[in-house]
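>>> How does the following fold in three dimensions:
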Amino acid sequence: MADAVPTLVMGVVNVTPDSFSDGGRWFDADAAIAHGLELVADGADMLDVGGESTRPGAARVEPDEELRRVVPVVRELAGRGIRVSVDTMRSATALAAVEAGAEIINDVSAGLADAAMAPIVAGTGVHYVAMHWRGHSDRMDSLAEYADVAAEVRDELAVRVDALVAAGVARERLILDPGLGFAKRGAQNWELLGRLDVLADLGLPILVGASRKRFLGALLPDDAAMEERDLPTAVVSALSAQAGVWGVRVHDVRGTRRALDVLGAWQSGRRA
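Just a heads-up that it's a prediction; the model follows:
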């Protein structure tokens, strides 16, 4: 399975002032565009542009402000021939981004936050990342109760897949995300990663977004800089690729690309 199709690298472009990972370094549109171009030069296959932080405890952004942040960046990057995903829970932002050139809608709520999202996805025909989600950032930490986290994430995503398909979304356009860090405690994230085959039972592509998250930071000294989470991220990316995932969503594209190159060389050696 892992040898069949190379895992894609999705580079993160946060057009926000309060991202947990980069603290608003790319909040200005010109800076965000320049950063996106750097990520492509580093080996990103696509870029995920978002205008609303989903870190634990984050407040919602006003709809007009999200549009103002996201659309110009999507339009410029897509206009340069780059494959762009829009990271949003709002159907209006998703539609505007698709009209500006986005090819993928990455919705951390899998359509639960906005009932109009599924019709937008169905009508535009773009690919749609449906993430496992139990509630908004201000309350998600209280929702991390599971008897069997891998089976429950799979089953809850299966319900969303059925609802999306019933709303007219083509099944072949769906990509699933286990939602690492969203209503998941540290050990639960590791269990999900170790049991990706359970999620693969649904027969759909999988996107893993582990980059710089708290459960990776827990492996490091308390005073470690955010960028020190990039090496653990690259290792998780390589192991996820070995498990056969469709893509990995990362902040440090260069490190992840190198890790995937090592995995590819390893696998070619085994085939030889």
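>>> make it CA atoms for all contacts and neighbour counts henceforth
Fine.
>>> quick one: low-confidence parts of the chain?
In the predicted model, the chain carries pLDDT under 70 at residues 1-4, 18-27, 56-58.
>>> Please, where are all the helices along it?
Ranges of helices within the chain are 29-41, 63-79, 91-99, 117-124, 149-166, 186-194, 196-200, 214-217, 230-242, 253-271, based on DSSP state H.
>>> How far does the last one sit from its chain's centre?
The gap between the average C-alpha position of helix 253-271 and the chain average comes to 21 Å, counting by C-alpha atoms, centre = their mean, to the nearest Å.
>>> Kindly report the same for the second one.
Here the centre of mass of C-alpha atoms in helix 63-79, compared against the chain's by C-alpha atoms, centre = their mean, lies 18 Å away.
>>> go on, the third one?
Using C-alpha atoms, centre = their mean, the mean C-alpha position of helix 91-99 is found 17 Å from that of the whole chain.
>>> residues of that helix that come out buried?
91-98 (16 or more other C-alpha atoms under 10 Å).
>>> how about those residues in TSV, adding distance to A150?
Listed next are the buried residues of helix 91-99 as TSV, based on distance: C-alpha to C-alpha, whole Å:
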residue	distance to A150
S91	28
A92	32
T93	31
A94	29
L95	32
A96	34
A97	32
V98	32
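>>> Burial check on G269, number of neighbours?
Here the number of neighbours of G269 (other C-alpha atoms under 10 Å) works out to 9.
>>> and if you look at V159?
When neighbours are defined as other C-alpha under 10 Å, V159 has 10 of them.
>>> same check, this time on D223
Per other C-alpha under 10 Å, the neighbour tally for D223 reads 7.
>>> Likewise for the one 3 residues further on?
A count of nearby residues for M226, using other C-alpha under 10 Å, gives 15.
>>> pretty sure it contacts K213?
No - with contact defined as C-alpha atoms under 8 Å, M226 does not reach K213; the gap is 9.2 Å.
>>> now the helices of the chain as TSV including distance to M10?
Shown next, in TSV, are the helices of the chain (distance: least, C-alpha to C-alpha, whole Å):
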stretch	distance to M10
helix 29-41	9
helix 63-79	14
helix 91-99	17
helix 117-124	20
helix 149-166	21
helix 186-194	18
helix 196-200	19
helix 214-217	19
helix 230-242	11
helix 253-271	8
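>>> Compare these and give me the one nearest N14.
Nearest to N14 among the helices of the chain is helix 29-41 (7.3 Å), distances taken as C-alpha to C-alpha.
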